[in-house]
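# A structural model of the following input is requested.
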Amino acid sequence: MDRAPGMSVRTKLALSYAGFLMLAGVLLLAAVWVFLLRYVPERATLIVPSGAPTHGVFPIRSNLLRVFAPRAAAVLAFLLVLGLVGGWVLAGRMLAPLTQITAAARTAGNRSLSHRIRMEGRRDEFRELSDAFDSMLEQLESHVAEQQRFAANASHELRTPLAISRALLDVARKDPARDRGEVIERLHAVNTRAIDLTEALLLLSRGDSGTFTREDVDLSLLAEEAAETLLPLAEQRQITLDVTGGAARTSGSAELLLRMVTNLVQNAVVHNLPAGGAVTVHTEADGGTSVLRVENTGRPLPPDLVPTLTEPFQRGTERVRTDEHAGVGLGLAIVHSIVRAHAGTLDLAPRPAGGLLVTVRLPGTP
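Prediction:
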């Protein structure tokens with residue numbers, strides 16, 4: 001509901017300055033009256049000694065008031081004009097930073113998030129507000145760019161299996177003699193990948209929203225469950241899978257945290273040496289933090305590649321697999337989303353001998 005425009009803040013401040021100045025003037029004149037004029041007599045008898053001059057001014061209250069009142073009124077009028085003009089100027093100078101922030105907010109409202117205020121001068125309340133607003137715009141711009149990039153990548157990834165399915169169906173329709181078993185098998189593989197990608201996108205969205213029921217969870221039990229599930233895959237690839245450490249309790253979604261641990265262990269197994277590799281999963285309680293570490297052998301990773309591994313659909317060239325465990329490019333992105341939803345931190349560091357060390361820190365519970 002629109003409201004009628006009210007008095008501007010600058011006008012209110014100018015009137016406030018003028019009002020306070022007028023009040024100070026009235027109080028000063030009242031003090032003159034109370035402490036000076038009230039002690040001046042209203043009437044007096046003048047005794048002139050013989051030979052003394054009889055002309056001059058004798059201060060009595062009526063004479064002083066007759067002279068003082070017009071000048072006091074003039075002073076109050078001057079204070080009123082000075083308060084209005086000076087208050088208007090001072091209010092404009094004080095509110096100038098707020099005008100900059102308002103203009104930046106309107107610019108951002110027009111979907112131009114690249115604008116920054118970058119207010120100069122000494123650090124005061126307006127400068128802190130400006131810096132906070134710039135930081136918010138930077139985060140919003142980064143988030144919007146990430147969402148746009150994610151949407152473009154997701155649409156591309158989903159379009160690929162659909163296009164393959166359509167091509168297979170067109171080939172089967174044009175060539176009725178073609179082996180249907182082969183077509184069905186390929187369609188099944190393509191549809192399975194599309195379903196996996198859709199489920200991964202839904203899981204990523206659920207982690208980003210943070211809407212889940214929290215319960216007490218022990219990361220060590222989740223690590224053992226994930227290792228037991230992926231043990232056949234590790235044995236198939238001749239990779240040693242060990243779980244060490246003790247209890248590491250935290251509060252969160254057991255389903256999401258299990259998916260987090262499973263993704264980390266599966267990545268560690270898949271992106272490893274062709275044979276003779278190792279994966280170590282370690283859990284511990286470090287003060288008020290529950291720690292999960294997943295370390296694996298593998299090829300050396302370039303340092304500039306590691307920070308990009310948590311971005312959706314970003315795969316390092318040396319980490320791409322073409323077998324049945326190629327994944328959809330969302331494994332570490334889902335891990336990052338789940339960790340962030342649980343107010344934790346995710347750290348990826350390349351091992352000097354090759355492979356990756358992933359450290360997850362979550363708020364611990366007693």
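# Quick check: the gap between Leu137 and Thr102.
Plainly put, Leu137 is 14 Å away from Thr102 if you go by C-beta to C-beta, to the nearest Å. In this view, the C-beta of every residue, glycine as well, is placed from N, C-alpha and C.
# When those two are compared, which one has more neighbours?
Leu137 (20 against 11; other C-beta atoms under 10 Å).
# Make sure the more buried one is actually in contact with Ala104.
Yes: between Leu137 and Ala104 there is a contact at 7.4 Å, judged by C-beta atoms under 8 Å.
# Now do the same contact list for Val335.
260, 263-264, 310, 346, 358, 360 (C-beta atoms under 8 Å, 6 or more residues apart in numbering).
# can you list residues touching both of Leu137 and Ala104?
Shared contacts of Leu137 and Ala104, defined by C-beta under 8 Å, 6+ apart, comprise 115-116.
# does the residue nearest to Val265 when sequence neighbours are not counted sit in a helix, a strand or a coil?
Spatial nearest neighbour of Val265, chain neighbours left out: Ala226 (4.8 Å); criterion: C-beta to C-beta, 6 or more residues apart in numbering. Here Ala226 is recorded as helix under DSSP: H, G, I helix; E, B strand; the rest coil.
# Val269 versus Ala226, what's the distance?
From Ala226 across to Val269, the span is 10 Å (C-beta to C-beta).
# hang on, Glu284 in a strand?
Yes: assigned with three-state DSSP, Glu284 falls within a strand.
# How about the contacts made by it?
245-246, 248, 290-291.
# in the sheet, who's paired with it?
Beta-bridge pairing for Glu284 (DSSP bridges): Val291.
# what helix or strand does Phe78 sit in?
Taking DSSP states H and E as the criterion, Phe78 maps to helix 61-109.
# what packs against the helix or strand that that helix is followed by?
Once the chain leaves helix 61-109, the next helix or strand it forms, by DSSP H and E, is helix 125-174. Packing partners of helix 125-174 (3 or more C-beta pairs under 8 Å, 6 or more residues apart in numbering; DSSP states H and E): helix 61-109, helix 180-209.
# Which parts of this protein belong to which domain?
11-40+58-112, 128-209, 215-363 (automatic domain parsing).
# Out of these, which one sits most buried?
Comparing the domains of the chain by mean neighbour count (mean count of other C-beta atoms under 10 Å), domain 215-363 comes out on top with a mean of 18.
# so how far is it from its chain's centroid?
With C-alpha atoms, centre = their mean, to the nearest Å as the basis, domain 215-363 stands 26 Å off its chain's centre.
# that older thread, indicate which one of the domains of the chain is closest to Gly121.
Of all the domains of the chain, domain 11-40+58-112 sits nearest to Gly121, with 8.3 Å by C-beta to C-beta.
# and that closest one, average pLDDT?
Per-residue pLDDT over domain 11-40+58-112 has a mean of 81.
# so how far is that domain from its chain's centroid?
Using C-alpha atoms, centre = their mean, the offset of domain 11-40+58-112 from its chain centre is 43 Å.
# Just the endpoints, please. Distance across that domain?
31 Å (C-alpha to C-alpha, to the nearest Å).
# just to revisit the earlier point, go through the helices and strands packed on helix 125-174 and name the closest to Ala145.
Nearest of those to Ala145, taken as C-beta to C-beta: helix 61-109 at 14.2 Å.
# any idea which helix or strand comes after the worst-scoring helix or strand of the chain on mean pLDDT?
Using mean pLDDT, DSSP states H and E, helix 180-209 stands out as the lowest-scoring helix or strand of the chain, at a mean of 72. Using DSSP H and E, the helix or strand that follows helix 180-209 towards the C-terminus is strand 215-218.
# which helices and strands sit right next to that following strand?
With contacts taken as 3+ C-beta pairs under 8 Å, 6+ apart, strand 215-218 sits against strand 249-252, helix 254-270.
# got these as a markdown table, with distance to Ala234 and mean pLDDT columns?
Supplementary listing: the helices and strands packed on strand 215-218 in a markdown table, determined by distance: least, C-beta to C-beta, whole Å; pLDDT from 0 to 100:
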| stretch | distance to Ala234 | mean pLDDT |
| --- | --- | --- |
| strand 249-252 | 25 | 92 |
| helix 254-270 | 5 | 89 |
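# Out of the ones you listed, the one nearest Glu128 is which?
Proximity to Glu128 (C-beta to C-beta) singles out strand 249-252 among the helices and strands packed on strand 215-218, at 33.4 Å.
# helices and strands around that closest one, which ones?
strand 215-218, strand 356-363.
# With mean pLDDT as extra columns, can I get those in a markdown table?
Shown next, in a markdown table, are the helices and strands packed on strand 249-252 (pLDDT from 0 to 100):
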| stretch | mean pLDDT |
| --- | --- |
| strand 215-218 | 92 |
| strand 356-363 | 95 |
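# Select, out of those strands, the one closest to Val67.
Of the helices and strands packed on strand 249-252, nearest to Val67 by C-beta to C-beta is strand 356-363, at 78.3 Å.
# which residues touch the closest one?
With C-beta under 8 Å, 6+ apart as the test, strand 356-363 has contacts from 219, 250-252, 260, 264, 268, 271, 286, 288-296, 298, 301, 306, 335, 339, 342-351.
# Determine the three-state secondary structure at Gly353.
Residue 353: Ala, not Gly. With three-state DSSP as the basis, Ala353 sits in coil.
# Could you verify that Thr280 is part of a strand?
Yes: under three-state DSSP, Thr280 sits within a strand.
# If you count contacts, what does the helix holding Phe78 end up packed against?
Packing contacts for helix 61-109, counted by 3+ C-beta pairs under 8 Å, 6+ apart, involve helix 9-35, helix 125-174.
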